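Colleague: Quick one, what's the 3D model for this:
(2 chains)
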Amino acid sequence: MPASLFPPKPAIDRLAGGPFLLLGLWQAWDMFSPDPRTADVCVEMRCSDRDGTTERRMLTDMVAMDYSERWRKDRWRKYFNDHLRLDDERVLWQPFAEYAARRLREEGEDPATIELVRWWRNCDPAFRPELRADVRETPWQSYLFHRWGVPREWGR
Amino acid sequence: MMSPWAGVVRAADAFDHWVRDPVDPRPLAWFRSWLGLLSLVNLWLLWPDMPMWLANDGVLPPAVHRELIADTRISIFMITGYSDAAIGIIRGLGLVGGLGLCLGILPRCAAFCVWLAAVSYAHRNMYILHSGDNLIRIGAFFLIFARTDGVFSLPDAVRRRFFRQAPSTSRPRPSLVPAWPQRILQVQLCVIYLVAGIWKAMGPTWRNGTAVGLVLQLGEFQRFPIPEFFMTRFMSQVMTYGTLAFELGFPLLVWIPSLRIPVLLAGLAFHAGLDWVMNVQMFQWLITAYYLLWLQPRRDASPDAG
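Modeller: Sure thing, here's the model as predicted:
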């Protein structure tokens, strides 16, 4: 609850915050509030191999997934869309790039660069059925937010 | 006329009774079993991606994790250190604990296992958590203190079936148990709705009735199709204000005995609708599990004070 509405909050946090964190009883109930996000987002990983091929993987294009996969991958949406994509969470970018490079090598590829791209499209304030039916109606924008050149000898 | 001070004393006394008077253990036992089953589903969903989320060579290596979490938080990793063996332990605890809760086998130990598994993955990678994880952690934590072992459990059923000492036509009555774990979880549910409602009421889009219309456009949350007329400004206003009314109304109305069942049914309809429309994995199932704590078992099977 915001401190502006509940002035004792900071004092209670100081008292109870430690034990709550320790025991895992901390909680937050602010989904879609105070306002829902007004942009649809997803995260893409691009990998360029040393043989010149490029591969693109949409990590959280939930609409492209079938119902089952989209349900199972809800945590992917949390991790990539709600955290990794943000500038404030840049500490997560390089570890993910390294993780991706390791996995790609296990798949037999030899990545030379790993790029992370955020995609977004703004929601339309004028509601129309097709806005839900096809989220690709409106144009998407993208921005490459992290690029890592994988050293040839890295991790070997 | 009662003086204000006498009113305060009477209210405090009533609260004291409400918290301390023993209660029928069945609502807690139903909640325990359902939470156990849902924690198993949650574990099954998390299982294949655990190495990616939790392992040392996963997306959050120890050096980064240490940088992000400086304070002490209980988890299996406190014992194992940054070891991938912890993943196996978390899986084992989650599995054994979930089954124990579900079947009522050593339920307090089972609750401890589920809670420890849940805090362990939560504290190792807090970026993958959804609201359902909060509900599992909190529910399991207070079930550690709840006495539900004699009711709605497999050992109890086996004991009654095979080791019944005297023939009886009626089911034995469970003993009353301390109320406070159930009361805390009931208050917890009200806090969830109240806080969520207050946060939303502060947002301009919730106040002008466009919030739900915006949410329905987000492809990342889409689940099953909905009728086209839902995507109109009028319906957005109905759903937005309906959400606010429900979330702010539930914590008050559910305490009124005559309104309790209608409020819970409205809540079930609300969350069933959300589960159809929105892809939010386990949350709707877990929050409605807490509704079981509000059910009043039939009087003809009321328990004995024990």
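Colleague: can you pull the contacts of B:Lys83?
Modeller: One correction, residue B:83 is Ser, not Lys. B:Asn56, B:Phe77 (C-beta atoms under 8 Å, 6 or more residues apart in numbering or on different chains). C-betas here are computed from N, CA, C, even on glycine.
Colleague: State the distance from it to B:Ile74.
Modeller: 16 Å (C-beta to C-beta, to the nearest Å).
Colleague: How about A:Glu106?
Modeller: 33 Å.
Colleague: between these two, who's got more neighbours?
Modeller: Neighbour count, other C-beta atoms under 10 Å in any protein chain shown: between A:Glu106 and B:Ile74, B:Ile74 has more, with 15 against 8.
Colleague: if I read this right, the more buried one contacts B:Ala122, doesn't it?
Modeller: No - applying C-beta atoms under 8 Å, one finds B:Ile74 not in contact with B:Ala122, separated by 10.0 Å.
Colleague: Give me the common contacts of those two.
Modeller: A:Gly24.
Colleague: Tell me where chain A is predicted with low confidence.
Modeller: Counting by pLDDT under 70, chain A contains low-confidence ranges at A:129-137.
Colleague: Could you chop it up by domain?
Modeller: Domain segmentation of chain A under automatic domain parsing yields A:1-34, A:37-149.
Colleague: What strand or helix carries the closest residue in space to B:Ile144 that isn't next to it in sequence?
Modeller: Among residues not flanking B:Ile144 along the chain, B:Ala111 sits closest, at 4.6 Å (C-beta to C-beta, 6 or more residues apart in numbering or on different chains). Following DSSP states H and E, one finds B:Ala111 within helix B:107-124.
Colleague: can you pull the pLDDT of the residue nearest to B:Ile144?
Modeller: As predicted, B:Ala111 sits at a pLDDT of 98.
Colleague: Could you pull up the mean pLDDT of stretch B:130-143?
Modeller: Rounded mean pLDDT across stretch B:130-143 is 97.
Colleague: ok, now stretch B:83-99?
Modeller: Rounded mean pLDDT across stretch B:83-99 is 97.
Colleague: buried ones in that stretch?
Modeller: The neighbour-count check on stretch B:83-99 (16 or more other C-beta atoms under 10 Å in any protein chain shown) flags B:Ala86, B:Ile87, B:Ile89, B:Ile90, B:Arg91, B:Leu93, B:Gly94, B:Leu95, B:Val96, B:Gly97, B:Gly98, B:Leu99 as buried.
Colleague: could the domains of chain A go into TSV alongside distance to B:Tyr290?
Modeller: Output for those, formatted as TSV (distance: least, C-beta to C-beta, whole Å):
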stretch	distance to B:Tyr290
domain A:1-34	13
domain A:37-149	20
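Colleague: So which of the ones you listed is the most surrounded?
Modeller: domain A:37-149 (a mean of 16; mean count of other C-beta atoms under 10 Å in any protein chain shown).
Colleague: And that domain, end to end?
Modeller: End-to-end span of domain A:37-149 (C-alpha to C-alpha, to the nearest Å): 33 Å.
Colleague: Over to stretch B:281-293?
Modeller: 22 Å.
Colleague: could you check whether that stretch is close to chain A?
Modeller: Yes - using C-beta under 8 Å from any C-beta of the partner chain, stretch B:281-293 reaches chain A at B:Gln281.
Colleague: just how off-centre is that stretch within its chain?
Modeller: Between the centre of stretch B:281-293 and the centre of its host chain there is 5 Å, according to C-alpha atoms, centre = their mean, to the nearest Å.
Colleague: Which residues does that stretch contact?
Modeller: A:71, A:74-75, B:27-28, B:30-31, B:34-35, B:38, B:41-42, B:45, B:130-132, B:135-136, B:139, B:182, B:185-186, B:188-189, B:192, B:264, B:267-268, B:271-272, B:274-275.
Colleague: Keep only those of the residues you listed that are in helices.
Modeller: A:71, A:74-75, B:27-28, B:30-31, B:34-35, B:38, B:41-42, B:45, B:131-132, B:135-136, B:139, B:182, B:185-186, B:188-189, B:192, B:264, B:267-268, B:271-272, B:274-275 (DSSP state H).
Colleague: count of neighbours near B:Pro204?
Modeller: Quick note: B:Pro204 (other C-beta under 10 Å) scores 10 neighbours.
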